[in-house]
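> Next one to model:
(2 chains)
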Amino acid sequence: MARTTISSLFGNSPVKPLQKHMASVQECIVELVPFFEHVLEQDWKAAKAQQKKIAKLEGAADKLKRNLRLNLPKSLFMPMSRRDLLEVLTMQDKIANKAKDIAGLITGRKMEFPETVNDRLIEFVKRAIDASMQAQKAINELDELVETGFGGREVKLVQSMIKELDAIESDNDKIEVKIRASLFKIENDLPPVQVMFLYRVIDWIGELADLSQRVGSRLELLLAR
Amino acid sequence: MEFEITLLVMACVFGLFMAWGIGANDVANAMGTSVGSGAITIKQAVIIAAVFEFAGAFLAGGQVTKTIRKGIVDAELLSGTPELLVYGMLAALLAAGIWLLVASRFGWPVSTTHTIVGAIVGFAAVGIGFEAVKWGKVGSIVASWVVSPALAGIISYWLFRSVQKLILNTSKPFENAKKYVPFYIFLTGFIIALVTMFKGLKHVGLETSIVQNYSMAFIVGIIIMFIGIKYIRKLKIDPNADKDFHFANVEKVFAVLMVFTACAMAFAHGSNDVANAIGPVAAVVSIVQSGGEIGQKSALPIWILILGGGGIVLGLLMYGRRVIATIGKNITELTPSRGFAATLAAATTVVIASGTGLPISTTHTLVGAVLGVGLARGIGALNLNVVRTIFLSWVVTLPAGALMAILFFFTFKGIFSG
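Numbering: from 1, shown residues only, chains lettered A, B, ... in the order given. From the prediction side, this is the model:
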């Protein structure tokens, strides 16, 4: 007798869980900053602990992702497309996955970064985190979007947020180009395998911002129906 | 006629049982949206329901009661054997009561109205004769079951769209809410008052002209609007509340409106559903009291209305508040701005149906109204399975009510006429 006609009519809205998932992703990737600081100091004990923390937070985000997916039956009638929503979720989750991969790779290989790269590395990571923070900001507008029925001012507001996100991402790209250039100058003096992995880590950090941008563009698809 | 007292008591007990069931279950559906949106507390919901269900039944329930009493069965055919109509109405009441009990146990979304109509049609067609049923009228009743949720959906869609356009999608939603919400309050009061004026006040002894009706409804609307404005002015704006959710303060204004639409909903529900429960009782009472005469123009005795209203309040107090609490917890996604659109649309549709004498399902109408808001992209997630089970319940309820009514009809006939 717990559920009557009216109460069973209302499904669980995916909006809050999606926002929670993004918050959890964000919680995970901000830990990259202290992680890189430890790495640059070559304090492997602290870095290892930090890497474990990141992996744990990624696991927490994964759990939220799975829960949300399980609670999204096809019979649900939502103000946004189910597919777009799931894509946003997937993109969000990929950010945390990538952060975990980065921390895992660096710790596993006890990677050292050359001085010239060092300077810009933290800035590079922080900019990538800025991007995901901006993505989170946009995702946090989703309940207001539902409130306004995806119309008018609120849509414009979110669109401007996504624009800002794009700007952050391209800024991040510029830093990436510079880091690559400085690494290129010295790559012949370093062991080739190390150089290979340095490029890979730089790639992955760049991808972090890329993924955040893609969260934004999926959200944009969600708006335009 | 024999066994008059027994039959009367049975009618009252069955009618009370039906009303109790409506109060325990059905009212919760009508009021749950208001509680769920956080506009009113459970205690307030119970008080509003108790007062306005009764007022609705008393002021605007007459037409539906009449339909149930005389609209479905051709009483002329029974002028020689009035006791058959008494047995039939008793059987319909008992069948509906039991069916509702079974259905609510399993959580099926069946409606009191559908069950009662199915039961009456059943006993009349089989117990008396196929021609005893006014099929044209039954047809229009069944059609109204499809039309009413659709109509409520259309109204709520446009209501909510207007809220989006005028208030939510503007640069100053709070200021605009304060500006436009009183108009919606006026609309609520006006519609309810108008239908009541047109249909309800005759049996209270007031004859009014069309102009009088409109002007009275207008005045009632204005008065209610000013009460609303007073409350909106008293609202305290919490600038911190908007940090997490930008529309927190706007929704506070809508919460005031929601109190009025909750009253309207209770009124509408009373006007339609109470009539279902007491219609058969009224039929039995009028036949028994007039010593077996059918079709005389006796007014609905007030005490029957009190019986119906009282039964509802009893069910509400004993069981309904728990159900309301459950619903309230389950539908927190429904903010006052949506809740109001859905409730006002449903209340309007139901009251219009009551005025026309069409017995419809309040719950199904409300489901239609909520879907309307959903179509305006206003609700996070709606479970469309419910719509399927509602259709299913239509298909099952009519034969089930009819079969049970037929069974009870012959049982009563055997006991009392044997």
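> ok, the residue in the stretch 1-150 of chain B that chain A sits nearest to to residue B:362 distance?
Chain A sits closest to residue B:109 of the stretch 1-150 of chain B, with a gap of 3.8 Å, by C-beta to the nearest C-beta. All C-beta atoms are positioned from the backbone trio N, CA, C, and that covers glycine. Remark: distance between residue B:109 and residue B:362 (C-beta to C-beta, to the nearest Å) = 12 Å.
> buried ones in the top helix by length along chain A?
When every helix of chain A is counted residue by residue (DSSP state H), the longest turns out to be helix A:152-186. Within helix A:152-186, the residues that qualify as buried are A:154-155, A:157-159, A:161-162, A:164-165, A:168-169, A:172, A:175-176, A:179-180, A:182-183, counting by 16 or more other C-beta atoms under 10 Å in any protein chain shown.
> quick revisit: looking at residue B:109 and residue B:362, which is more packed in?
For residue B:109 versus residue B:362, the count of surrounding residues by other C-beta atoms under 10 Å in any protein chain shown is larger for residue B:362: 31 against 26.
> Check which element follows the longest helix of chain A along the chain.
Downstream of helix A:152-186, the first helix or strand assigned by DSSP states H and E is helix A:192-223.
> ok, back up a step: which residue is the nearest non-sequential neighbour of the residue of the stretch 1-150 of chain B closest to chain A?
Nearest in space to residue B:109, with sequence neighbours left out and distances taken as C-beta to C-beta, 6 or more residues apart in numbering or on different chains, is residue A:5 at 3.8 Å.
> Tell me which residue in chain A sits closest to chain B.
Relative to chain B, the nearest point of chain A is residue A:13 (2.5 Å; C-beta to the nearest C-beta).
> Count the residues that sit near the residue nearest to residue B:125 when sequence neighbours are not counted.
With sequence-adjacent residues excluded and distances taken as C-beta to C-beta, 6+ apart, residue B:125 is closest to residue B:133, at 5.1 Å. Using other C-beta under 10 Å, residue B:133 has 20 other residues around it.
> show me what contacts residue B:396?
By C-beta atoms under 8 Å, 6 or more residues apart in numbering or on different chains, the contact set of residue B:396 is B:108, B:110.
> Now do the longest helix of chain A: distance to the chain's middle.
The chain centroid and the centroid of helix A:152-186 are separated by 13 Å, computed with C-alpha atoms, centre = their mean, to the nearest Å.
> Just want the angle from that helix to helix A:192-223.
Interaxial angle of helix A:152-186 relative to helix A:192-223 (axes from the mean of the first three to the mean of the last three C-alpha atoms, to 10 degrees): 170 degrees.
> And helix A:152-186, what does it pack against?
Where contact means 3 or more C-beta pairs under 8 Å, 6 or more residues apart in numbering or on different chains; DSSP states H and E, helix A:152-186 is packed against helix A:115-139, helix A:142-147, helix A:192-223.
> among these, which is nearest residue B:144?
The closest of the helices and strands packed on helix A:152-186 to residue B:144 is helix A:142-147. By C-beta to C-beta, the value is 32.5 Å.
> elements contacting the helix or strand of chain A with the lowest mean pLDDT?
Taking mean pLDDT, DSSP states H and E as the measure, chain A has helix A:5-9 as its least confident helix or strand, at a mean of 82. Counting contacts by 3+ C-beta pairs under 8 Å, 6+ apart, helix A:5-9 packs against helix B:27-36, helix B:321-330, helix B:362-375, strand B:382-383, helix B:385-412.
> again, only this time at 6 Å
If you count contacts as 3 or more C-beta pairs under 6 Å, 6 or more residues apart in numbering or on different chains; DSSP states H and E, helix A:5-9 packs onto helix B:27-36, helix B:321-330, helix B:362-375.
> and the first one, is it in reach of chain A?
If I follow you right, that is helix B:27-36. Yes: residues of helix B:27-36 contacting chain A under C-beta under 6 Å from any C-beta of the partner chain: B:29, B:32.
> got the angle between that helix and helix B:321-330?
Counting by the same axes, to 10 degrees, helix B:27-36 points 40 degrees away from the direction of helix B:321-330.
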